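Colleague: Got a predicted structure plus its sequence, pasted below:
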Amino acid sequence: MELELRHFKIIVAVAEAGSITKAASTLGLAQPALTAQLHRIERALGGPLFERDRKGARPTPLGELVLSRARLLLPAVSGLREEAARFANNASLPGDTPSRLRLGSATGPVLGGLVHQLNAAYPDLHVTTHVSWSSEELAAMVADGRVDYTLAGVCGDAPPPSQPGLIWRTLATDPVFVLLSDKHPLSTQSEVELGDLAGVQWGATPGDGCFADCFAAACARAGFTPRTLYETDVVSCIDLVESGDAVVLCQPMFRQMPGVVAVPIAGNPLRWRNLIGWHPDGSAAAFSDQLVKLASQAYADVIARSARYTEFLRDHPGFGVELPEGPSSN
């Protein structure tokens with residue numbers, strides 16, 4: 001009889017259960033059937049593996065030797081199967097294109113456009129998404145292999161999320177605009193001075209990092225301390241602006257809609273860098289060049305839909321989508 005993996009599983013099960021009867025119950029076998037299989041295994045290995053009496057089953061010296069090998073062999077084979085499954089899953093499309101792609105994204109305008117770009121360019125690619133307000137959480141998910149890539153943002157010149165070992169590439173750098181009600185007296189201006197908004201209440205979508213501190217510092221340079229900074233979802237931010245209860249800090253490509261208008265802040269005191277990150281050993285890392293190109297195109301498409309930001313970029317060429325660059329590690 002040639003030994004198979006199931007035979008080593010039986011040996012480990014008997015040793016861990018301490019008796020043939022308990023091992024048979026664990027394995028879902030009848031006790032006589034398990035006893036007969038164990039006898040055949042022992043004959044194949046040349047001697048008894050267990051001493052059996054009324055107290056149970058204890059490994060013999062030969063049994064200890066076989067157990068030590070089985071406890072190495074079984075996890076190794078299980079790991080091999082998992083790696084082979086991942087390889088087969090990621091090798092089903094030509095070239096470096098994986099068969100599935102898991103995308104993470106913090107609050108931002110690019111995820112939908114990137115999914116559209118992927119669907120158009122790779123119709124057989126299965127894309128799933130995970131959204132969180134926390135860039136640090138998304139970076140941890142990339143490091144743990146729960147998502148393949150993540151879109152994230154950081155304030156000004158701040159470093160990428162602190163998860164070590166990831167590669168980050170900057171897609172774009174944008175100024176922060178303010179979202180005003182179209183009834184606000186400053187809504188028709190080409191730009192607003194931050195100090196002219198000293199008496200208002202503020203709103204923004206939530207996020208981690210230093211943005212709140214940078215905003216407070218910009219207000220201090222403008223000569224005032226902000227009264228309130230509401231952190232809430234996009235829909236509630238728009239409601240606060242429409243009702244006149246707050247002015248909201250927003251990204252410059254905010255899609256125009258009735259009742260609100262996005263206006264630049266004079267001097268652009270607040271900036272936001274939009275990043276894409278991945279792990280160099282991730283299962284879809286070989287797809288990084290293609291994905292960065294598609295993400296950049298998705299970002300350019302979003303900008304093109306904003307007439308105001310497009311006009312702004314003509315006079316401020318340092319902002320917007322960045323030229324291709326080498327990756328940076330964190």
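Modeller: Cool, got the structure.

Colleague: For the residue nearest to residue 19 when sequence neighbours are not counted, what are phi and psi?
Modeller: Closest residue in space to residue 19, ignoring its immediate chain neighbours: residue 56 at 4.1 Å, by Cβ to Cβ, 6 or more residues apart in numbering. In short, each C-beta sits where N, CA and C put it, glycine included. With angles defined as degrees, to the nearest 10, residue 56 sits at phi 130, psi -150.

Colleague: tell me the pLDDT at residue 56?
Modeller: Listed pLDDT for residue 56 reads 89.

Colleague: can you give me the helices in the stretch 151-300 of the chain?
Modeller: 211-221, 234-242, 288-304 (DSSP state H, counting those that start in this stretch).

Colleague: Equivalent analysis for the stretch 1-150 of the chain, please.
Modeller: Using DSSP H, counting those that start in this stretch, helices in the stretch 1-150 of the chain cover 5-17, 20-27, 31-45, 61-90, 111-121, 135-143.

Colleague: and of the helices of the stretch 151-300 of the chain, who's closest to residue 46?
Modeller: Closest to residue 46 of these is helix 288-304 (Cβ to Cβ; 53.4 Å).

Colleague: what packs against that closest one?
Modeller: helix 111-121, strand 149-155, strand 167-175, strand 271-278, helix 307-315, strand 320-321 (3 or more Cβ pairs under 8 Å, 6 or more residues apart in numbering; DSSP states H and E).

Colleague: any idea of the mean pLDDT for it?
Modeller: 92.

Colleague: same deal with stretch 135-144?
Modeller: 92.

Colleague: ok, now stretch 200-211?
Modeller: pLDDT averaged over stretch 200-211 gives 86.

Colleague: buried ones in that stretch?
Modeller: 200, 201, 202, 203, 204, 205, 207, 208, 209, 211 (16 or more other Cβ atoms under 10 Å).

Colleague: And these, which is closest to residue 40?
Modeller: Once Cβ to Cβ is applied, the member of the buried residues of stretch 200-211 that ends up nearest residue 40 is residue 208, at 60.3 Å.

Colleague: quick revisit: residue 134 is nearest to which of the helices and strands packed on helix 288-304?
Modeller: Per Cβ to Cβ, nearest to residue 134 of those: strand 149-155, 9.2 Å.

Colleague: Show me what that closest one is packed against.
Modeller: Using 3+ Cβ pairs under 8 Å, 6+ apart: strand 149-155 touches strand 100-105, helix 135-143, strand 271-278, helix 288-304.

Colleague: Residue 175 is nearest to which of the ones you listed?
Modeller: Per Cβ to Cβ, nearest to residue 175 of the helices and strands packed on strand 149-155: strand 271-278, 5.9 Å.

Colleague: Quick one: work out the angle between the closest one and helix 135-143.
Modeller: With axes from the mean of the first three to the mean of the last three Cα atoms, to 10 degrees applied, the angle from strand 271-278 to helix 135-143 works out at 20 degrees.

Colleague: re earlier: please identify the most buried of the helices of the stretch 1-150 of the chain.
Modeller: Mean neighbour count (mean count of other Cβ atoms under 10 Å) peaks for helix 135-143 among the helices of the stretch 1-150 of the chain, with a mean of 21.

Colleague: For residue 2, which residues are in contact?
Modeller: For residue 2, the contact set (Cβ atoms under 8 Å, 6 or more residues apart in numbering) comprises residue 44.

Colleague: Please report how far it lies from residue 44.
Modeller: 8 Å (Cβ to Cβ, to the nearest Å).

Colleague: go on, residue 57?
Modeller: In terms of Cβ to Cβ, residue 57 sits 18 Å off from residue 44.

Colleague: same question, residue 309
Modeller: 74 Å.

Colleague: do the same with residue 113
Modeller: Residue 113 is 61 Å from residue 44, where distance means Cβ to Cβ.

Colleague: Sketch out the low-pLDDT regions of this protein for me.
Modeller: Low-confidence segments of the chain (pLDDT under 70): 82-96, 323-330.

Colleague: domain ranges for it?
Modeller: The record's domain parsing of the chain by automatic domain parsing lists 5-90, 100-174+271-329, 177-263.
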